[in-house]
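> missing the sequence, but the structure's below:
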């Protein structure tokens, strides 16, 4: 795939763990936006998928919302109440507008969330940080690093901005996706779990402190992702049956409004570990990562 500029890289102790594509040359229907792919464990196992055949608009680890004041920034068909998923000319773009920092372990840049006509819906400042996971106790022997995704969305002065999802637009079945989303890859069926629940149906829509996804990379090796950092009102969006993925959903049950001139901040950390972590070890990794 060609891009407007070469992907940026994130390194941990000299090892490349992620590439960040900031200017993808994509069909507008795929929701062009910056995304992380491939993301790898320290052992080299790839743990993201991009442009998969089942949902071509899933782009590794990214930030996207299907309904931003009527603009689809997620990609794919738009869910319309009483109609269902429909192809519409409502796709916008989340555009990189400039770097403020580029280091081996930290990337920070400015973005604009634009409607189909190029008008700016939201502005954003985003920071990505990579660091090794150092832990005592149950997580002490885990080969892992953590990624922090820190962003601030700002609404323009003079206009509120409404964030919605297929669920808030009438789709049943817990389809409240839209926000920070990680499309994983797994050669075998993946598993999601929290401190007290296991499985897609039990975890989807929950507000647990952390959620873990265990999968198998294309190289046949097991990996575990541990997500932390739900904001007030956020919910976990999880999938394993149709495809493996975990997201922080902004509008899982109800639309969310960023008031005119106001800001919405999110800060999430993801542990990327080699091996199939059990519940106790995943909890220890989440606790260490959240410090």
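Yep, it's here. Computed from a prediction, not measured in an experiment: that's the story for all the values here.

> Who are the packing partners of the longest helix along the chain?
What stands out as the longest helix in the chain, according to DSSP state H, is helix 279-289. Here helix 279-289 touches strand 210-216, strand 222-228, strand 263-274, going by 3 or more Cβ pairs under 8 Å, 6 or more residues apart in numbering; DSSP states H and E. Just so you know, the C-beta spots here come from the backbone N, C-alpha and C atoms, and that holds for glycine as well.

> can you tell which of those is closest to residue 125?
strand 263-274 (9.4 Å; Cβ to Cβ).

> now the closest one: mean pLDDT?
Mean pLDDT, strand 263-274: 97.

> what's the answer for stretch 190-206, then?
Here the average pLDDT along stretch 190-206 is 97.

> Report the buried residues of that stretch.
190-194, 200, 203-206 (16 or more other Cβ atoms under 10 Å).

> before we move on, what about stretch 159-172?
161-169, 171.

> Which ones among those map onto strands?
161-164 (DSSP state E).

> for those, which one is nearest residue 81?
Using Cβ to Cβ, those come closest to residue 81 at residue 164, 10.4 Å.

> residues touching that closest one, list them.
The contact partners of residue 164, taken as Cβ atoms under 8 Å, 6 or more residues apart in numbering, are 65-68, 178, 251, 255-256.

> What's the local residue count around residue 28?
Per other Cβ atoms under 10 Å, the neighbour tally for residue 28 reads 14.

> okay, now the residue lying closest to it once chain neighbours are set aside: neighbour count?
Nearest residue to residue 28 in three dimensions, chain neighbours excluded: residue 91, at 4.6 Å (Cβ to Cβ, 6 or more residues apart in numbering). By other Cβ under 10 Å, 22 other residues sit near residue 91.

> And residue 91, what's its pLDDT?
So residue 91 comes in at 98 (pLDDT).

> And for residue 135?
Reading off the model, residue 135 has pLDDT 61.

> Just the strands from the stretch 101-250 of the chain, written as ranges.
Counting by DSSP state E, counting those that start in this stretch, one finds strands in the stretch 101-250 of the chain at the ranges 106-114, 120-132, 144-154, 161-164, 179-183, 191-193, 210-216, 222-228, 235-239, 245-249.

> Compare these and report which one is nearest to residue 262.
Across the strands of the stretch 101-250 of the chain, closest to residue 262 is strand 144-154 (Cβ to Cβ), at 7.6 Å.

> what pLDDT, on average, does the longest helix of the chain get?
On average, helix 279-289 scores 93.

> Using a markdown table, lay out the helices and strands packed on helix 279-289 together with distance to residue 150 and mean neighbour count.
Below are the helices and strands packed on helix 279-289 laid out as a markdown table (distance: least, Cβ to Cβ, whole Å; neighbours: other Cβ atoms under 10 Å):
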| stretch | distance to residue 150 | mean neighbour count |
| --- | --- | --- |
| strand 210-216 | 17 | 24 |
| strand 222-228 | 13 | 25 |
| strand 263-274 | 5 | 21 |
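
> Serialize those to JSON lines and add fields for distance to residue 28.
Shown next, in JSON lines, are those (distance: least, Cβ to Cβ, whole Å):
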{"stretch": "strand 210-216", "distance to residue 28": "30"}
{"stretch": "strand 222-228", "distance to residue 28": "29"}
{"stretch": "strand 263-274", "distance to residue 28": "25"}
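
> picking up where we left off before, list the contacts of the residue nearest to residue 28.
28-29, 31, 71-73, 75, 116.

> For residue 153, see how far away it is.
19 Å (Cβ to Cβ, to the nearest Å).

> Over to residue 110?
12 Å.

> More neighbours: those two, which one.
Regarding residue 110 and residue 153, a neighbour count based on other Cβ under 10 Å identifies residue 153 as having more, with 24 against 14.

> wait, isn't that one in contact with residue 259?
No - at 11.7 Å, residue 153 does not count as touching residue 259 under the criterion of Cβ atoms under 8 Å.

> Could I get the phi/psi values of residue 53?
Residue 53 adopts backbone torsions of phi -60, psi -30, taken as degrees, to the nearest 10.

> now it: how far from residue 16?
26 Å.

> rewinding a little: the residue nearest to residue 28 pairs with what?
residue 72 (DSSP bridges).

> Check the spacing between it and residue 122 real quick.
When residue 91 is compared with residue 122 (using Cβ to Cβ), they lie 16 Å apart.
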